[in-house]
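Q: A structural model of the following input is requested.
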Amino acid sequence: MEKKGFTLVELLAVIVILAVILIIAVPQIMNTIKETKLKTMGDSAKLIATNAEKDYLAQQTINSNYNATSIPCTDVAKLNDDYSSCSITYDSDGIATVKLKGASGGKFNGITCRGTKDNINCISGYTDAAELLISKYNNGTNSEGLIKVEHDKTQNEKYTAVEYRYQGSNPNNYAYFNCADNSNPTSSTCEVWRIVGLFDGRVKLVRKDSIGSFSWDTSNANSGYGINQWGPSGTYEGADIMKELNSDYLNSTLSTNANWYNGENNAIGDGNFNKDYVLKLSSKELIGDATWYTSEVTVTSIVTLARAYADERGTQGKECTSGTYCDDEVVRTFEWIGKVGLIYPSDFGYASGSSKCATNILNVTGFCGSNWMSNYGWTISPALPSSMAFSVWYATTSRSTHTHAKGTPGVRPSVYLISGVQMKGSGTTEDPYVFAE
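A: Below you'll find the model as predicted:
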């Protein structure tokens, strides 16, 4: 009896059938694996929350006044290398909220779970923000608008050795932040912010749009033009805008519009800060204290980008000692630790895609064009003219310049995210970066 094998046509048909099966099956298998990981990590987060609440009750049986607002996860759970971070917070009733993140490169990579024992939400697809931004630069092109800037820390320990910054007229640095609905980040549920860059592993953000036109300071000094000292010093509590950004702006329960300063001699507005702009609690958890440098940037006819960066991190204070615009007695300080600040003049300079900008960020002919930070308003840096104690730098169209502290350029808050924040997206206007809350 003659034996017959498969014909070429039959073999090709079998291969096609197998390929179709793979096309259908592989995504389903991958999705099953993904869902299994999400469930496993979610169950772990629920167990941690349950143990945390049991611990809270146990502590109260020992001490009826016990009212901890947070504890380390290690107090109630043993975590292995599959997890990069874990935090537990309590509300006033002792209900525990857990935030659990998967370790980069581990089996839970890109997964973040957050919630209570009864309601845990797990999301996936995220990458460590620092790793993601550095990988964008390492792609070998500058199409992202991401550049690498290196500084010699032997010249000044305040310099950041390596910085990754965005520059150009419209780089891919858009991000959704301060969202009303974190489970559905869109242009209608979030504010649009922009990433200034990556500094010592921390992402620096600035709000795309102004929250209003307010004075930097309106103290009744220097002929009512204000005092150009950002942080507290002695009995001086600090610049008005510093206090407002780190009080009302961070008050997630602010129920009415606030009165913010906007004029000389302590002039204050009437409900001129919109309560809807406050930083919501979920976003506050993503930011942390940072050291902001507040040395004065000297005013001369030429202010190079390199000198602006150096001056910001220097120890320059008020030079004048008397005169109509120099009668305050506040001692200038050169560092401030806090959560919400403003951009630096050098941030504006680096954001320009023009090489001429490095030669003079002040130039009146507009050397700093092609700049996504054009018209970004107030900076955090005092200006240092020889006879004035009220001048502050701000970013305007194609150049940086200075004016009296009582002036009212726009205010765009700037923050540093905590280390280890995860994000996803491409940074374009169509697909902004989003952060794991």
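Q: what ranges do the helices span in this structure?
A: For the chain, applying DSSP state H gives helices covering 8-62, 129-137, 240-245, 281-284, 305-312, 345-351.
Q: now, of these, which is deepest in the fold?
A: helix 345-351 (a mean of 27; mean count of other CB atoms under 10 Å). The C-beta positions use only the backbone N, C-alpha and C, and glycine is treated the same way.
Q: the spatially closest residue to residue 91 that is not a sequence neighbour - how many residues pack around it?
A: Nearest residue to residue 91 in three dimensions, chain neighbours excluded: residue 97, at 7.4 Å (CB to CB, 6 or more residues apart in numbering). Counted with other CB atoms under 10 Å, the neighbours of residue 97 add up to 19.
Q: also residue 230?
A: Neighbours of residue 230 (other CB under 10 Å): 28.
Q: pull the helix or strand with minimum mean pLDDT from this protein.
A: Lowest on mean pLDDT, DSSP states H and E among the helices and strands of the chain sits helix 8-62, with a mean of 82.
Q: so residue 162 touches residue 152, yeah?
A: No: assessed by CB atoms under 8 Å, residue 162 is found out of contact with residue 152, at 11.3 Å.
Q: which one's more surrounded, the two?
A: Shown here are residue 162 and residue 152; by other CB under 10 Å, residue 162 has more neighbours (13 against 8).
Q: let me see the contact set for the more buried one.
A: Applying CB atoms under 8 Å, 6 or more residues apart in numbering to residue 162 gives the contacts 148-151.
Q: for the spatially most central residue of the chain, name its beta-bridge partners.
A: Central residue of the chain (CA atoms, centre = their mean): residue 205, 3.5 Å from the mean position. On the basis of DSSP bridges, residue 205 is bridged to residue 195, residue 415.
Q: give me the distance between stretch 174-188 and the centre of its chain.
A: Centre-to-centre, stretch 174-188 and its host chain are 14 Å apart (CA atoms, centre = their mean, to the nearest Å).
Q: got it, and stretch 288-300?
A: That offset, for stretch 288-300, works out to 17 Å (CA atoms, centre = their mean).
Q: do the same with stretch 225-244
A: Relative to the mean C-alpha coordinate of its chain, stretch 225-244 is positioned 23 Å out (CA atoms, centre = their mean).
Q: what's it in contact with?
A: By CB under 8 Å, 6+ apart, stretch 225-244 touches 214-219, 221, 258, 260-261, 264, 273, 292, 294, 296, 318, 325, 328, 330-333, 335-336, 338, 341-342, 378, 380, 382-383, 388-392, 404-406, 411.
Q: quick one: buried residues of that stretch?
A: 225-233, 236, 238-244 (16 or more other CB atoms under 10 Å).
Q: do the same with stretch 145-164
A: 145-147, 149, 151, 158, 160, 163-164.
Q: what's the first-to-last distance across that stretch?
A: 10 Å (CA to CA, to the nearest Å).
Q: can you give the distance of that stretch from its chain's centre?
A: For stretch 145-164, the distance to the chain centre is 19 Å (CA atoms, centre = their mean).
Q: just the buried members of the contacts of stretch 225-244?
A: 214-219, 221, 258, 260-261, 264, 273, 292, 294, 296, 318, 325, 328, 330, 332-333, 336, 338, 341-342, 378, 380, 382-383, 388-392, 404-406, 411.
Q: beta partners for the residue nearest to residue 91?
A: The partner residues for residue 97, given DSSP bridges, come to residue 89.
Q: which residues does residue 50 contact?
A: Residue 50 touches residue 117, counting by CB under 8 Å, 6+ apart.
Q: same deal with residue 193?
A: Contacts of residue 193 by CB under 8 Å, 6+ apart are 174-178, 205-208.
Q: which member of those residues is positioned nearest residue 400?
A: residue 206 (14.6 Å; CB to CB).
Q: picking up where we left off before, I figured the residue nearest to residue 91 hits residue 71, correct?
A: No: using CB under 8 Å, residue 97 makes no contact with residue 71, being 11.7 Å away.
Q: surely residue 273 meets residue 262?
A: No: using CB under 8 Å, residue 273 makes no contact with residue 262, being 9.7 Å away.
Q: overlap of the contact sets of these two?
A: residue 214.
Q: rewinding a little: shared neighbours of residue 97 and residue 71, anything?
A: 88, 90.
Q: residues near residue 327, how many?
A: Neighbours of residue 327 (other CB under 10 Å): 14.
Q: so for it, what's the pLDDT?
A: Confidence at residue 327, expressed as pLDDT, is 93.
Q: show me how this protein divides into domains.
A: 17-123, 126-437 (automatic domain parsing).
Q: with residue 435 as the reference, measure out to the closest residue to residue 432 other than its chain neighbours.
A: Excluding the flanking residues, the one nearest residue 432 by CB to CB, 6+ apart is residue 174, at 4.1 Å. Separation of residue 174 from residue 435 (CB to CB, to the nearest Å) stands at 13 Å.
Q: neighbour count: those two, which is higher?
A: Each of residue 174 and residue 435 has its neighbours counted (other CB under 10 Å); residue 435 has more, 25 against 22.
Q: how about the contacts made by the residue nearest to that one when sequence neighbours are not counted?
A: Distance criterion CB to CB, 6+ apart; nearest residue to residue 435, sequence neighbours excluded, is residue 423 at 4.8 Å. Listed by CB under 8 Å, 6+ apart, the contact set of residue 423 reads 126-127, 129, 132, 175, 203, 433-436.
Q: just the buried residues of the residues you listed.
A: Buried among the contacts of residue 423 by 16+ other CB under 10 Å: 126-127, 129, 132, 175, 203, 433-436.
Q: quick one on the thing from earlier: ok, the contacts of residue 423 vs residue 75, which is closest?
A: Among the contacts of residue 423, residue 436 lies closest to residue 75 (CB to CB), at 23.5 Å.
Q: wait, isn't the closest one in contact with residue 99?
A: No: counting by CB under 8 Å, residue 436 does not reach residue 99; the two are 9.0 Å apart.
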